[in-house]
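S.K.: no sequence on hand, only this structure:
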């Protein structure tokens, strides 16, 4: 895996760069520092510290340590650092490998559900802001640490980490394609825009599920009318926003029951439920046992 400084010429061309190796770029600077517009490869941008404003095609997106951005091959990208001591890491994937993996997945899908392989990757559906997770941050931190070493073992380990990130991205994009078809929208541009709004709202629910949430709040995140958002979300994900919120909270509760010694009442409040009886009833309906008995059974396994 190679690393490129800001001034690396291939990153600032008028056509998508063809990377023969995974390329990790690091940008460090103070408020106002600008990385000029260029045509990007397929990659992921992460703000490791500070904040930056990205301009990707016609969209303006603020990214901080709690979020990251997927960049599609051929997109016009620039960004400006908004705080001092901001560190942006931008990982571009090997062009040949990304195409190989992408078409491999499409070929498998073609054999099982009618999808066909394509000659060019299209990641427009996932090219939007995502909420950061601990796993991705740890992988980027590891890549930055390994990037200074030329040892073959470290190089191999770095490539394995990059491969895992690329696999996740390709799988997410494939899932996004399947979901977008459920929207039953004819125009591709409209379909992409709606999917991005729904996906952002879904991720917002996951990251704010511990707080009180109502339908209007989530619809506002998606920038859609409340009833229109409700219909589209249910059509795309086959579940209402309320039921998705409940499912997310119960999943978090199940994890806390098996991985911590927190009291059931504390877990109930920690995941966003106001009523212990209601939480217990919902948990039993989903997992077949009350929270207390479920925890006991997991410990006995």
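M.R.: Happy to help now that I have it. Bear in mind that the values here come from a model prediction, so they are computed numbers and not experimental data.
S.K.: which residues of the stretch 51-200 of the chain fall in strands?
M.R.: With DSSP state E, counting those that start in this stretch applied, the stretch 51-200 of the chain shows strands at 51-56, 59-64, 67-71, 76-81, 86-92, 129-131, listed in chain order.
S.K.: mean pLDDT, mean neighbour count and distance to residue 166 added to those, as CSV?
M.R.: No exception for glycine: its C-beta is placed from N, CA and C like everyone else's. Below are the strands of the stretch 51-200 of the chain laid out as CSV (pLDDT from 0 to 100; neighbours: other CB atoms under 10 Å; distance: least, CB to CB, whole Å):
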stretch, mean pLDDT, mean neighbour count, distance to residue 166
strand 51-56, 95, 19, 19
strand 59-64, 91, 15, 20
strand 67-71, 92, 21, 11
strand 76-81, 94, 19, 18
strand 86-92, 93, 23, 9
strand 129-131, 86, 18, 15
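S.K.: could these go into a markdown table alongside distance to residue 145?
M.R.: Formatted as a markdown table, the strands of the stretch 51-200 of the chain follow (distance: least, CB to CB, whole Å):
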| stretch | distance to residue 145 |
| --- | --- |
| strand 51-56 | 22 |
| strand 59-64 | 22 |
| strand 67-71 | 18 |
| strand 76-81 | 22 |
| strand 86-92 | 12 |
| strand 129-131 | 23 |
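S.K.: residues touching residue 146, list them.
M.R.: 1, 154, 155, 157, 158, 161 (CB atoms under 8 Å, 6 or more residues apart in numbering).
S.K.: now do 10 Å
M.R.: Shown in contact with residue 146 (CB atoms under 10 Å, 6 or more residues apart in numbering): 1, 24, 153, 154, 155, 156, 157, 158, 159, 161.
S.K.: how much space between the closest residue to residue 157 other than its chain neighbours and residue 30?
M.R.: Sequence neighbours aside, residue 146 is the residue nearest to residue 157 in space, at 6.2 Å (criterion: CB to CB, 6 or more residues apart in numbering). The gap separating residue 146 from residue 30 is 27 Å, by CB to CB, to the nearest Å.
S.K.: SS state for residue 239?
M.R.: Under DSSP: H, G, I helix; E, B strand; the rest coil, the three-state class of residue 239 is coil.
S.K.: for burial, what's the neighbour tally of it?
M.R.: Here the number of neighbours of residue 239 (other CB atoms under 10 Å) works out to 14.
S.K.: surely residue 225 meets residue 197?
M.R.: No - look at residue 225 against residue 197 with CB atoms under 10 Å: they stay out of range, at 11.5 Å.
S.K.: between these two, tell me which one has more neighbours.
M.R.: Higher neighbour count among residue 225 and residue 197: residue 197, with 19 against 11, using other CB under 10 Å.
S.K.: which residues does the more buried one contact?
M.R.: Residue 197 makes contact with 128, 219, 221, 222, 223, 224, 229, 232, 233 under the criterion CB under 10 Å, 6+ apart.
S.K.: in contact with the most centrally placed residue in the chain, which residues?
M.R.: Nearest to the mean C-alpha position of the chain, counting by CA atoms, centre = their mean, stands residue 130 at 4.2 Å. Shown in contact with residue 130 (CB under 10 Å, 6+ apart): 44, 46, 63, 67, 68, 69, 70, 136, 172, 199, 200, 203.
S.K.: repeat that for 8 Å
M.R.: Going by CB under 8 Å, 6+ apart, the list of residues near residue 130 reads 67, 68, 69, 70, 203.
S.K.: possible to save those as TSV with distance to residue 282?
M.R.: Output for the contacts of residue 130, formatted as TSV (distance: CB to CB, whole Å):
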residue	distance to residue 282
67	30
68	32
69	35
70	34
203	23
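S.K.: for residue 53, which residues are in contact?
M.R.: By CB under 8 Å, 6+ apart, the neighbours of residue 53 are 60, 61, 62, 63, 79, 80, 82.
S.K.: so in terms of bridging, what pairs with the fifth one?
M.R.: Note on residue 79: beta-bridge partners by DSSP bridges are residue 35, residue 54.
S.K.: same deal with the fourth one?
M.R.: Taking DSSP bridges, one obtains residue 52 as the residues bridged to residue 63.
S.K.: does residue 291 really touch residue 281, like I thought?
M.R.: No - in this structure, residue 291 is not within contact of residue 281 by CB atoms under 8 Å, at 10.4 Å.
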